[in-house]
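*Asks:* Quick one, fold the following:
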Amino acid sequence: MTLIQIFLIVFALFAMTRVVIQFRKGALSLAVLFLWILFWALVGVVVLLPKTTDVFAQLVGVGRGVDAIMYMAILALFYLVFRLYVAIEHIEQEITGFVRATAVQSSKKQNDQESS
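*Replies:* Numbering: from 1, shown residues only. Model (predicted):
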């Protein structure tokens, strides 16, 4: 086993512990916990058995396993960026609505105090 394989396995195990900790804190649902554990387990399999990526590459019609993994990783990252963008837009809309409602309430209170 090479040094990089050891490092990647240790990192995958570390990532799994972080996922479990976040689940215990209530920050992740059971489904998300399962998906992340599955992901890091697959990372471990690919690190320990690198030829498995060649089988995957042949299934999807790509020349090398590393290329197939890179294509999948780029697609996954773009999807995650999209999801983050949508979540941020939603949060911005909620903040805007909250600020507007607070401003209206504050204005009404000020008007009520001035008329009294």
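*Asks:* Please count neighbours and contacts with C-alpha atoms only from this point.
*Replies:* OK.
*Asks:* how about low-confidence regions in the protein?
*Replies:* For the chain, the stretches flagged by pLDDT under 70 are 116.
*Asks:* middle-most residue in this structure, spatially?
*Replies:* residue 80 (6.2 Å; C-alpha atoms, centre = their mean).
*Asks:* Roughly how far does that residue sit from residue 38?
*Replies:* 17 Å (C-alpha to C-alpha, to the nearest Å).
*Asks:* ok, now residue 95?
*Replies:* 35 Å.
*Asks:* quick revisit: check which helices and strands the helix or strand where the residue nearest to the centre of the chain lies sits against.
*Replies:* Element membership for residue 80 (DSSP states H and E) is helix 65-115. Applying 3 or more C-alpha pairs under 8 Å, 6 or more residues apart in numbering; DSSP states H and E, we find helix 65-115 packed against helix 52-60.
*Asks:* and the gap between the closest residue to residue 48 other than its chain neighbours and residue 28?
*Replies:* Leaving aside its sequence neighbours, residue 48 sits nearest to residue 5 (C-alpha to C-alpha, 6 or more residues apart in numbering; 7.0 Å). To residue 28, residue 5 is 28 Å away according to C-alpha to C-alpha.
*Asks:* List the buried residues of stretch 50-58.
*Replies:* 53, 54, 56, 57 (16 or more other C-alpha atoms under 10 Å).
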